[in-house]
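what shape does this take:
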Amino acid sequence: MCYAVANLFRPPDGWAKEFDFVQESYTLQVLPSCLREEAIRRVASFVAPNGTLLVIARGREIGESEGTMPWPLTRQEMEIFRDVGLAELHFEEYLDNESPPVHRFRATYRQK
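Numbering: from 1, shown residues only. Have a look, this model is predicted:
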């Protein structure tokens, strides 16, 4: 197994549809909302045909305050992964074990 790290907005040449497994964990939530849609599209673009994307992030309801960083994502923002052509295999909303509990999303997508 190989892991790679790079600038999301300036990925290396050759990364488009290159990875069988991509994990996005807590990166999107530290980006301001004006950058999120492009970031989501970039993350999705790395997933190879029949590859899997796992996304883990803080979550919030639409209309709920973003609060301070990290800024939780909404379900609507998570749906951008489907809008760019990924199939949603699993979507889970849950409260973690922190004190106080934090609302989180965990989703798995497949590239068609």
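
what residue in this structure is the furthest from its centre?
Taking Cα atoms, centre = their mean, the residue of the chain most remote from its mean C-alpha position is S99, at 24.0 Å.

R41 contacts V84, doesn't it?
Yes. Using Cβ atoms under 8 Å, R41 makes contact with V84 at a distance of 5.5 Å. For glycine as for every other residue, the C-beta is placed from the backbone atoms N, C-alpha and C.

and those two? Which one has more around it.
Using other Cβ atoms under 10 Å as the criterion, R41 and V84 rank with V84 on top: 17 against 13.

what confidence value was assigned to that one?
Looking at V84, its pLDDT is 96.

report the separation between it and R104.
Separation of V84 from R104 (Cβ to Cβ, to the nearest Å): 22 Å.

what's the answer for R10, then?
29 Å.

residues near D13, how many?
Using other Cβ under 10 Å, D13 has 5 other residues around it.

that one: what secondary structure?
Three-state call for D13 (DSSP: H, G, I helix; E, B strand; the rest coil): coil.

now do the contacts for it.
With contact set as Cβ atoms under 8 Å, 6 or more residues apart in numbering, D13 has no partners.

ok, now the one 4 residues further on?
Contact partners of K17, counting by Cβ under 8 Å, 6+ apart, are S45, F46, V47, A48, P49, G51, Q111.

can you check V84 too?
I40, R41, A44, S45.

in this protein, which spans are strands?
Assigned by DSSP state E, the strands in the chain fall at 19-25, 47-60, 73-74, 86-95, 103-111.

nearest to L31 among those would be which one?
Comparison of those against L31 by Cβ to Cβ identifies strand 73-74 as nearest, at 9.8 Å.
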